[in-house]
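In: Turn this into a model:
(chains A and B)
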Amino acid sequence: MGPARDAGAPLLELRGITKCFGRLTANDDISLRVSRGEVVGLLGENGAGKSTLMNVLSGLIQPDQGDISLTGKAVSFASPRDAVAAGIGMVHQHFMLVPTLSVIENIALGDRSLRLFPLDLSGIRDRLAKVSNQVGLEVDPDATVGRLGIGEQQRVEIARVLCHDARILILDEPTAVLTPEESTQLFEAVRSMAAAGTSVILISHKLDDIFGICSRVAVLRQGRKVLDAPLDETDRDALVHAMVGDTVSAPHGERVSPPGPPIVTVKDLRLKRDNGATLIDDLNVEVRAGEILGVAGIEGNGQRELAECIAGLRRPDAGEISYDGEPIYGSMTPRRLRQMGLRHITEDRHGTGILPDQPLSENHLLGHIRNPRFNRRSWLQRHAAKEATASIIDQYDVRAAGADAPMGSLSGGNQQKAVLGRELADGIRFLIAAHPTRGLDIRTIAFIQRQLLELRDAGVGILLISSDLNEIWRLSDTILVFGGGNAFGPVSAETTSLPEVGAWMAGHQ
Amino acid sequence: MRSIQFIANLPAPWRVAAIAFAGALLISALLLAAGFSPLQALFVLIEQSLGNGNGLSEVVVRSVPLTLAGLGIAVAFRARVFNVGADGQIIFGAIGFVGFSLALPGLSGWVLLPLSMVAAIVGGGLWGGIAGVLRARYNANEIIVTIMLTYVAFQALGWAIRGPLQESAQIFPRSDAVPDGVLLGTMIEGTRLHWGLAIALLAVAATYVALRYTSFGFRLDAVGENPLAARFSGIRDRTMIALSLTISGGLAGLAGAVEIAGVHGRLQDAFAEGTGITAIAVALLARLNPLFIPLTALMFAVLSVGASGLQRQLGIPFPLVHIVEAIVILAFVIAGALQNADRGVRDA
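Out: Residues are numbered from 1 along each chain as shown, chains lettered A, B, ... in the order given. Modelled structure (predicted):
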């Protein structure tokens, strides 16, 4: 396409983009303008609609309403290929690189102008050299991608997009996986790209990223654009407020009794990412019986690792965790912990929580395979499992054809209720609840939250991990925030405020 | 591709018929090209295996190691572990059996036979267990490891019968005959049908009960369906994987011992060649259900016994006989897979 030169029109304009998934409105009448060479920050919590908007822009999904224009000309993208051809390139949070191929081969992938017989990569090599020079992205074209570090792989992704003549570069949470030095290098590259005329849309949760390189920022909340301003006309507090909103803090239920003795104690804990970057350093916290400790924060800041450490599934890089005063590492196995009343609603239900092809009753057995009620000297007691499942279906209002219905045939909310029923049954003393209400409908969310409060009143210690700040705020007695490589807190819910927690989430003191 | 799609879209019985028909056509064409009559070959194949008492008893004899090794493969498959090295485990079972019984010839058969069988299970279990531990600890691909260990086992067998276990006369590459006490007698006079059949049927029952009614079977299935969900529930998934290959190898080792004690009476080259590979098809076709495994083992035994008759009666060269056998096995496996695919669509 030959873009008509129109000095007045912005490079990219989104008008009235609306996208619904079922009853959920992911994008509600969102408009956004991006000029040539501008770096625009797109800020928002998980589920605010950032990814949906960018997926619309990169042709992965089609909007229900609204239109896109480039240099004043209306365009529509039926597929990502159309968007790439129009000069829109996206660097995803999870890299789309083939680890066994070299850098140059990865960049050549998907290039339809390439002659294959005989394969000639010299053109791409020249382009890569030019692009690297221009924006200061140093990459060795012949290195094998799998051997590169995360920061280098990201540079390859960016170089690939630029080699395909992108005029607009979308970066999805680019600093989430980077060390501080790598982030600084990335920012420098983004600045030179902007100076060379490329526009950049930076999706982020971190205020530091936004203030580091953006010239303008737009904030999304619950599918709507709630703020759009040049960076020098706003400040951190305004952004945090726009992101989190005026939450009415519902009381977290009247306490019936003070918390009891600690069940889980975390001492000097250090957690690292697989690439060695530190996630959490020197964490000290305890969860008492009859207390909910809420761990807030954008996902990927160490919450999953913390949960796995407490469940005995992962060894901490340093420090000690004990359960009922006994160190978890050394004598305890996940099986022993379970027998001592530790239960786990895992964040990835399909991957780690259920047997989708098996009936509900077998899924119940999975959680209680060592319970003598279901396992008498190694003999399975399937009838007992069916009875237990039937009473859970009843008690938790699980919509299922019966105890014999395969778990995978249930809706997500009903699966979660079945999992909840399984984990809460028979001797629960401590619960790790990781994103227990994510993706569920309002009724189920309310039901599960009520269950958690009832458990607390019954004296169960609960570690609640959630990226939904409202949920944390409403349920927790004590709050811990993971953000930007730091842990803030623990603080009592009574002595902090929502804006303060919101600012911590954005990695900002 | 299009014709495969066409077959896949047919209703299940028609699909199986289409595969059977395609297989029959292919075999007929091959036989005709080599100058043999397909009809006559079919007749001989059936007559040799099912047409007389001798053939029938040979079929049952052949089905015994297939059943035992097939059970082993099914146990591993339940944990989604692919044991394609049953042949090696059979060899180590046989070596354990022969080595143990020759080392303690003074014991009475009542004591020596069960002990030697245990030695066979340990031998096969060790060989399977190596692959199991490598998979569980280092995530080494068990398909590659079990195949490679099979080659090692072939060489070990060759060395054993030319070295430490070679017969006292030192003439042939074979071991001494095992003591009479450990031989499995014939069940029916005048045939080769031996008491190994009873052992195999006992193993079928035991495996069925273990998989269906015990906590062990449940944990195995759970690890097979979702190892992480199992681990998060306190099941030691890696241990289960190592254990599944160990038990799998143990059952294959028992197959080797039964083959020695019931048929050969001593260790020799290629005493159960190809059993472990055919047993994969036996287990898959039985859909990993122990109760069906003797039936599918019988089917493959008919094929194997009948096919060797083709060579004797019609002079069809062995390579061609093997090709015919392979086409039939492939047809069975494809038909089974197509039926499973149908099930998958309905379940989803």
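
In: same question for stretch B:83-102, mean pLDDT?
Out: Model confidence over stretch B:83-102 averages 96 on the pLDDT scale.

In: quick one: A:Ser113 and A:Pro141, what's the gap?
Out: Taking Cβ to Cβ, to the nearest Å as the criterion, A:Ser113 is separated from A:Pro141 by 18 Å. To be clear about C-beta, it is placed using only N, CA and C from the backbone, and glycine gets the same treatment.

In: what about the closest residue to chain B within chain A, which helix or strand?
Out: The shortest separation between chain A and chain B is 3.6 Å, found at A:Arg335 (distances taken as Cβ to the nearest Cβ). In the assignment (DSSP states H and E), A:Arg335 maps to helix A:334-339.

In: Wasn't A:Asp165 part of a helix?
Out: No - secondary structure of A:Asp165, determined by DSSP: H, G, I helix; E, B strand; the rest coil: coil, with no helix assignment.

In: my read: it touches A:Ala86, true?
Out: No - with contact defined as Cβ atoms under 8 Å, A:Asp165 and A:Ala86 do not form a contacting pair (9.9 Å).

In: in the stretch 401-509 of chain A, which segments are predicted with low confidence?
Out: Applying pLDDT under 70 to the stretch 401-509 of chain A picks out residues A:442, A:484, A:507-509.

In: Which positions in it make contact with chain B?
Out: By Cβ under 8 Å from any Cβ of the partner chain, the residues of the stretch 401-509 of chain A that approach chain B are A:Pro406.

In: cool, chain A as well?
Out: For chain A, the residues in contact with chain B (Cβ under 8 Å from any Cβ) are A:311, A:313, A:333-339, A:344, A:346, A:351-358, A:362, A:365-367, A:369-370, A:375, A:378-380, A:406.

In: Filter the residues you listed down to just the ones in helices.
Out: Under the assignment DSSP state H, the residues of chain A next to chain B contribute A:334-339, A:362, A:365-367 to helices.

In: What about those residues, which one has the most neighbours?
Out: Taking other Cβ atoms under 10 Å in any protein chain shown to define a neighbour, the member of those with the most is A:Leu365, carrying 29 neighbours.

In: gap between it and A:Ala388?
Out: Note on A:Leu365: its distance to A:Ala388, by Cβ to Cβ, is 9 Å.

In: Need the residues touching each of these two.
Out: Common neighbours of A:Leu365 and A:Ala388, using Cβ atoms under 8 Å, 6 or more residues apart in numbering or on different chains, are A:Phe374.

In: one step back: between A:Ser113 and A:Pro141, which is the more surrounded one?
Out: Set side by side, A:Ser113 and A:Pro141 show unequal neighbour counts under other Cβ under 10 Å, the larger going to A:Pro141 at 18 against 7.

In: Next up, identify which helix or strand that one is on.
Out: With elements taken from DSSP H and E, nothing contains A:Pro141; it lies in neither a helix nor a strand.

In: Can you say which two of the ones in helices among the residues of chain A next to chain B are spatially most distant?
Out: Farthest apart among these by Cβ to Cβ are A:Arg336 and A:Glu362. That separation is 23.0 Å.
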